[in-house]
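**Q** what's the 3D shape of this:
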Amino acid sequence: MEPSTHRPAAGIFWQIMTGLNFVAVTAIVKHVGSDVPAAQAAFLRYLLGLVFVIPMIRPILQAHLTRRQMTLFGVRGVLHTGAVILWFYAMTQITIAEVTAMNYLSPIYVTIGAAVLLGEKIAIRRIIAIVAALVGALIILRPGFRELSPGHIAMLGTALMFAGGYLIMKVMSTEVNAAVVVGMLSLFVTLGLAPFAYAVWVPVTIEQLGWLFLVACFATAGHYTMTLAFVAAPLAVTQPVTFLQLIWSVILGAAFFNEAIDAWVVLGGALIMAAVSFIAWREHVAKKQALAGT
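**A** Predicted coordinates for the structure are as follows:
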């Protein structure tokens, strides 16, 4: 039996902590708002976060990366660069709940991409789950019933680009250790964001730098606790807990940013999260069946 199946309570706990960390990230970015351009805010978040890359320098140098691996890391850096710019921009245009709910589309895109690009098979039940998730996105966006803002379009692009980056990470995680994957992402994205930040640069205060450093701290902590959740329990256990992040986002937006509670956003987000959880559960069942057959 896999070690990850022994501690479901720990997995749920760490997934809850992951959600709280990422909600803190969205809240701080929302607080900074449009005072700092999206590209510059994203660049400063990654630049300040390079302090967490220092322990990863040795593993990166020892990895002796090939040209192919460097190319893949570069492509992932480009995708992630675009995604974070769009994400920071979306945070200034739409509600925290909408950003959170639409970000749930990334695992759906990953599932589709894995089938198209990596040749993974998709059973009919997963196809139904994907359709359900896309229906959830339509419920959130409600095209024809309300005007779509640039923030909604930005989040569609964000989820798609993040999914592309996750697919490359899936390939690279089998070739190099986690420290190299995380460290190379931070380095490439910082470099990728630099020219965009330079093009829109405005003076920033010490207070704004402090807030953006906190973004880096919470984001790093979120990725770390997410890893702990993955180790402690399978995705089938931890994935449904992610829906709490949407609930917290709705409460946070209403309490601190005067954002109206939109039942359609909650409903659409719940449908997407249910589809993602079902896909995670099916992957867990398939993996157990494969192990039982060996």
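**Q** CA atoms for contacts and neighbours, from now on please.
**A** Noted.
**Q** What segments of the chain are helices?
**A** Ranges of helices in the chain, per DSSP state H, are 8-32, 38-49, 57-62, 67-91, 96-103, 105-117, 124-141, 150-172, 178-199, 206-232, 235-238, 243-256, 263-292.
**Q** lowest-confidence stretch among those helices?
**A** Sorting the helices of the chain by mean pLDDT places helix 235-238 lowest, at a mean of 73.
**Q** Ala263 and Ile247, how far apart?
**A** As for Ala263, its distance to Ile247 is 11 Å (criterion: CA to CA, to the nearest Å).
**Q** Between those two, tell me which one has more neighbours.
**A** Neighbour tally, Ala263 and Ile247, criterion other CA atoms under 10 Å: the higher count belongs to Ile247, 16 against 11.
**Q** so who does the more buried one touch?
**A** For Ile247, the contact set (CA atoms under 8 Å, 6 or more residues apart in numbering) comprises 97, 266.
**Q** if we go to 10 Å?
**A** Counting by CA atoms under 10 Å, 6 or more residues apart in numbering, Ile247 touches 97, 100-101, 266, 269-270.
**Q** before we move on, back to that, of the helices of the chain, flag the one that's most buried.
**A** Ranked by average neighbour count under the criterion mean count of other CA atoms under 10 Å, the helices of the chain are headed by helix 96-103 at a mean of 25.
**Q** Show the secondary-structure elements that it is packed against.
**A** Here helix 96-103 touches helix 8-32, helix 67-91, helix 124-141, helix 150-172, helix 243-256, helix 263-292, going by 3 or more CA pairs under 10 Å, 6 or more residues apart in numbering; DSSP states H and E.
**Q** so which of these gets nearest Ala219?
**A** Counting by CA to CA, Ala219 lies closest to helix 8-32 out of these; the figure is 6.3 Å.
**Q** Quick check: of the contacts of Ile247, which lies closest to Gln15?
**A** Nearest to Gln15 out of those is Thr100 (CA to CA; 15.4 Å).
**Q** Report the contact partners of the closest one.
**A** Contact criterion CA under 10 Å, 6+ apart gives 22-23, 26, 91, 155, 243, 245-250, 265, 269 as the residues in contact with Thr100.
**Q** swap in Thr92?
**A** For Thr92, the residues meeting the contact criterion (CA under 10 Å, 6+ apart) are 29-35, 37-38, 151.
**Q** ok so, going back, for the contacts of Thr100, give me TSV that also has distance to Ala10.
**A** Formatted as TSV, these follow (distance: CA to CA, whole Å):
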residue	distance to Ala10
Phe22	18
Val23	20
Thr26	25
Met91	31
Met155	31
Phe243	17
Gln245	18
Leu246	21
Ile247	21
Trp248	20
Ser249	23
Val250	25
Val265	30
Gly269	25
